[in-house]
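[1] Here is the input, now give the coordinates:
(2 chains)
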2 protein chains.
Amino acid sequence: MVLDQANSGAVVGDTLLDLAGDGPLVSRLERALRDAITSGRLDAGSPLPASRRLAQELGISRWVVTQVYEQLVAEGVLEARVGSGTRVAAGARLGPTGAAATDTLPPLPRVPAYDLRPGIPDLRHVPRDAWSRALRDALAAATADDLAAPAAAGHPAARAAVAAHLRRARMVEAPDTAVVLTRGATDGMDRVVRALRAAGHTHLLVEDPSWPVLREVAARAGVVPVPVAVDEGGVDVDALARAARATGARAALVTPAHQFPVGVPLAGERREALLAWAREVDGLVVEDDYDAEFRYDRRPVAALQRLDPSRVLLLGSTSKTMSPAFGIGWMVVPPAWRATLSAAPGTAPSVVDQLALARLLTSGGYDRHLRAARGRFRRRHDALLAALATRLPDARTSGLAAGLHLVLHLGQAAPDAADVVRAAARLDVGLTDMRRYQVEPAPTSRRLVLGYGNLVDARLDDAVTRLATCATSRRDG
Amino acid sequence: MVLDQANSGAVVGDTLLDLAGDGPLVSRLERALRDAITSGRLDAGSPLPASRRLAQELGISRWVVTQVYEQLVAEGVLEARVGSGTRVAAGARLGPTGAAATDTLPPLPRVPAYDLRPGIPDLRHVPRDAWSRALRDALAAATADDLAAPAAAGHPAARAAVAAHLRRARMVEAPDTAVVLTRGATDGMDRVVRALRAAGHTHLLVEDPSWPVLREVAARAGVVPVPVAVDEGGVDVDALARAARATGARAALVTPAHQFPVGVPLAGERREALLAWAREVDGLVVEDDYDAEFRYDRRPVAALQRLDPSRVLLLGSTSKTMSPAFGIGWMVVPPAWRATLSAAPGTAPSVVDQLALARLLTSGGYDRHLRAARGRFRRRHDALLAALATRLPDARTSGLAAGLHLVLHLGQAAPDAADVVRAAARLDVGLTDMRRYQVEPAPTSRRLVLGYGNLVDARLDDAVTRLATCATSRRDG
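    Predicted coordinates for the structure are as follows:
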């Protein structure tokens, strides 16, 4: 051992312990020793100087050295044996030398300037202030009981507030005990398919086309999605019953208020037929009530859940009405599934978020936000239809005056939808091919699913002009 | 049809449609019609009066009646046929008559006045203001990209902030890409055991005794917990390797910094032996780093993860340091498991909460909170030991000067721990029998696991006096 530089470093074995840098001396010495061992400069078995001697050489307090030695002995990095001093432990390894530390995070996907993608809410009208105030007030008012340990099904105040909201807004028939708080519809679906799997379900009937994420969640949980065709009356319930018989499926995931992405409501007689099927097979219907708050020609159709609360499980969330970044939603659970779906530990969203949601619902703030949003979306929907009629006279649209999307059927002379999507991306226009929602994507497609939730009103005409350019240009081959 | 009372109700068939109550006329009429059908007072097939006539009888606008009829036709409750007017639909059912609506929510469990339960943080020192400000600032500063759609592994800013914090505070060796945000350790464990299950793991080695919730999460996911004994050196790694060979288990859940509930650190040589085992069987060690921020005699032992980042997955959370009500935590994932554990949709906690955590970590606010908490807990730990020595001289304590709990070994003359817990509950003292954490609860027990995280300092002496009363009283039989 040679004294190298008092107060800055010392050589141990043949390696420099460098104490340069910020932080307390204890941290600097510890880091220097770890680095020397990690890099192999100090091998297993290498003796370390006595604490008094190293302290002298470093010009630091012996206490600092003792602390570091004790720390590293406690971790098994060093060994201290009576009569033989302190050594680097046999087999001491301090991890890799940081090869993976250059890994960098991928950036967030960028929101296009002309955003015509479905499933995105109005990002310029996220109720930041209302949510911020609700969070603050919820935190300030929370009791010790509130903050102690989250209840798996959700906080009672949040369950009661959601139940009251759904009775009023969606005519849901449910006691407070039927409501379970979730982080959103995907989280809810995840819990439902796990419960289905645990109850012996192997298949789940899904609409084709439909939102792929929820199908994927089922598949991940080991429940095979079985596609059932959708027509202008919503999902074909006769075909559903046949597919159920063929596969043994006894559960179905549907969007009765506003089929996604076709945009139609489930026909009245099919509602009854679907529930009759569910009762016959002792099954479960999962109602994805994803955008029922937004209907522009009439009040929303009541939830299917209302027709048979013992057979329909409703999934709802605030991701379309407020923001997916808030991570809060709910499900309304039939009695037979309540014990299972209310019991899993660690599943509840932040209690603070739940209490903020309860405040927003009971104060009327949520309803005020919905009314304002409904007005904005209705005007945007109408303006979009008018712009499409002008710029794309060969195309037609379908779907209810509802929600945040419609279907655009391009003319026969138009390029394939995939080419339109690619060309539009180069113009910073976000578009979506209908094929993205089909279980078996069709060989050709002339349909786009246009979302207007996040379409900036001032750019609406420009967005449609750009879309029209891409949708009417000659195909490249 | 007989006119009953203009502006208040009308008789349809032989049932009164009562429009009394609050809200718009449309809602009141709709509710009245639904109630009549739900209750069976209006049967399937019953004809309804023409809209003009019903409007006259009710003294309301015909538009109101038309709206309601259209709504109920759209839902399949009513049928409208050309030439035959409007009828209650065949098979129309509006749900049960509300038998379940009397269900009431259970209240939250009450926090005892003398709270000596482990696993509970200091509920009087939850950093409400700091969290509230962090939430507000995060919401105000969030961009449209931030708010669009949550990344499954977490927001890049939160992942980077957690990685930097863990490198500094826990000497974790991990790039930002190794960090995945969770709602807490239970949520993290849930995702880990599902990934294990999907990779073919059938068993998970667990410490005995240990925190039961994480074992239950494994069992729920179909991974069988295999208990391994704990002694004063932490989990017995030789026994662990034997149990692994007997069951085929290749994954283990451990608490190396501070075994829960025994309170010892994992001995240095066992750390190496555990990792050697994991490498030999190509296995995974899950490190539950649940309270390592709190050590009162020295700085915390570095995370086991540091010794082999390719074999150790670290679980951490803010539930002990801040509050379980905040619902935010993290895991540090070895490269081989990153794709699986970063990909599940719908799993990320609220993006707003993630961004608030990132702010709290990078601003130094989290460290300030930890320093203040550490001082409080150290003083409380020392005061608790002193009070126990005075009031319960026949008992002894064990466990590191660390975390938020210790083990109290009652004297041989004391009643069984279960009797002490019951007697204490009557005095509003929350206690926990060691048996609660044993996989196979022992026939007799004289050990209590005492938590002091939420023990009110001003009640500490009184709490110990009450405990002593229960622990020294003669057994009843």
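[2] Quick check, A:L313 in contact with A:A336.
    No: using C-beta atoms under 8 Å, A:L313 is not in contact with A:A336; the gap is 9.9 Å. Heads up, the C-betas are built off the backbone N, CA and C, glycines and all.
[3] So for these two, which sits in the more crowded spot?
    Ranked by neighbour count (other C-beta atoms under 10 Å in any protein chain shown), A:L313 and A:A336 place A:L313 first, with 26 against 13.
[4] and the more buried one, what element?
    strand A:312-317 (DSSP states H and E).
[5] That strand: what's the following helix or strand?
    strand A:329-332.
[6] Would you tell me whether the strand ranked longest in chain A gets close to chain B?
    Criterion DSSP state E: the longest strand present in chain A is strand A:224-231. No: Strand A:224-231 stays clear of chain B (C-beta under 8 Å from any C-beta of the partner chain), getting no nearer than 14.4 Å.
[7] Show me what that strand packs onto, helices and strands only.
    strand A:203-208, helix A:212-220, helix A:237-247 (3 or more C-beta pairs under 8 Å, 6 or more residues apart in numbering or on different chains; DSSP states H and E).
[8] and with 6 Å instead?
    If you count contacts as 3 or more C-beta pairs under 6 Å, 6 or more residues apart in numbering or on different chains; DSSP states H and E, strand A:224-231 packs onto strand A:203-208, helix A:237-247.
[9] Among these, which comes closest to chain B?
    helix A:237-247 (11.9 Å; C-beta to the nearest C-beta).
[10] one step back: which residues sit against the strand holding A:L313?
    A:184-185, A:188, A:285-289, A:303-305, A:329-334 (C-beta atoms under 6 Å, 6 or more residues apart in numbering or on different chains).
[11] cool, and stretch A:235-252?
    A:196, A:201, A:203-205, A:207, A:226, A:228-229, A:254, A:270, A:273-274, A:277, A:281, A:283-285.
[12] For A:R474, report the pLDDT, please.
    You'll see A:R474 listed with a pLDDT of 59.
[13] before we move on, the earlier item: pairing partners for the longest strand of chain A, with directions?
    strand A:203-208 (parallel), strand A:234-235 (antiparallel) (DSSP bridges).
[14] A:E173 against A:P309, yeah?
    Yes: A:E173 lies in contact with A:P309 (C-beta atoms under 6 Å); the separation is 4.7 Å.
[15] just to revisit the earlier point, buried among the contacts of stretch A:235-252? Need that as a selection in ChimeraX.
    In ChimeraX, a selection of the buried entries from these looks like this (16 or more other C-beta atoms under 10 Å in any protein chain shown):
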select /A:196,201,203,204,205,207,226,228,254,270,273,274,277,281,283,284,285
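[16] what residues go with each domain of chain A?
    A:9-110, A:128-363, A:368-471 (automatic domain parsing).
[17] Most tightly packed of those?
    Comparing the domains of chain A by mean neighbour count (mean count of other C-beta atoms under 10 Å in any protein chain shown), domain A:128-363 ranks first with a mean of 22.
[18] If A:L408 is in a bridge, with which residues?
    Applying DSSP bridges to A:L408, the residues it is bridged with are A:T397, A:L448.
[19] rewinding a little: tell me the angle of the longest strand of chain A relative to helix A:212-220?
    Computed by axes from the mean of the first three to the mean of the last three C-alpha atoms, to 10 degrees, the angle separating strand A:224-231 from helix A:212-220 equals 150 degrees.
[20] Would you mind listing the outside residues contacting strand A:224-231?
    A:203-208, A:215, A:218, A:235-236, A:239-240, A:243, A:247, A:249, A:259, A:262, A:439.
[21] A:L17 belongs to a strand, doesn't it?
    Yes: counting by DSSP: H, G, I helix; E, B strand; the rest coil, A:L17 falls inside a strand.
[22] And for it, nearest residue in space, chain neighbours not counted?
    A:A32 (4.3 Å; C-beta to C-beta, 6 or more residues apart in numbering or on different chains).
[23] tell me which strands and helices the strand or helix carrying the one you found is in contact with?
    Under DSSP H and E, the secondary-structure element containing A:A32 is helix A:25-38. Counting contacts by 3+ C-beta pairs under 6 Å, 6+ apart, helix A:25-38 is packed against strand A:15-18, helix A:62-74.
[24] May I have that helix exported as CSV, CA atoms only?
    Extracted in CSV, the C-alpha atoms of helix A:25-38 (Å, rounded to 0.1, in the frame of the first residue of the first chain):
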residue,chain,number,x,y,z
LEU,A,25,-17.1,10.6,2.6
VAL,A,26,-18.8,7.4,3.6
SER,A,27,-20.6,7.1,0.3
ARG,A,28,-17.5,8.1,-1.7
LEU,A,29,-15.3,5.5,0.0
GLU,A,30,-18.0,2.8,-0.3
ARG,A,31,-18.5,3.5,-4.0
ALA,A,32,-14.7,3.5,-4.6
LEU,A,33,-14.4,0.1,-2.9
ARG,A,34,-17.4,-1.3,-4.8
ASP,A,35,-16.1,-0.1,-8.1
ALA,A,36,-12.7,-1.6,-7.5
ILE,A,37,-14.4,-5.0,-6.7
THR,A,38,-16.9,-4.8,-9.5
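[25] Please name every helix or strand in contact with the helix or strand just after it.
    Using DSSP H and E, the helix or strand that follows helix A:25-38 in sequence is helix A:51-58. Using 3+ C-beta pairs under 6 Å, 6+ apart, the elements in contact with helix A:51-58 are helix A:62-74.
[26] which other residues reach the helix it packs on?
    Contacts of helix A:62-74 (C-beta under 6 Å, 6+ apart): A:25-26, A:29-30, A:51-52, A:54-55, A:78, A:80, A:86, B:301.
[27] Would you check which pair of those lies furthest apart?
    Maximum pairwise distance among the contacts of helix A:62-74 (C-beta to C-beta): 24.4 Å, between A:R52 and B:V301.
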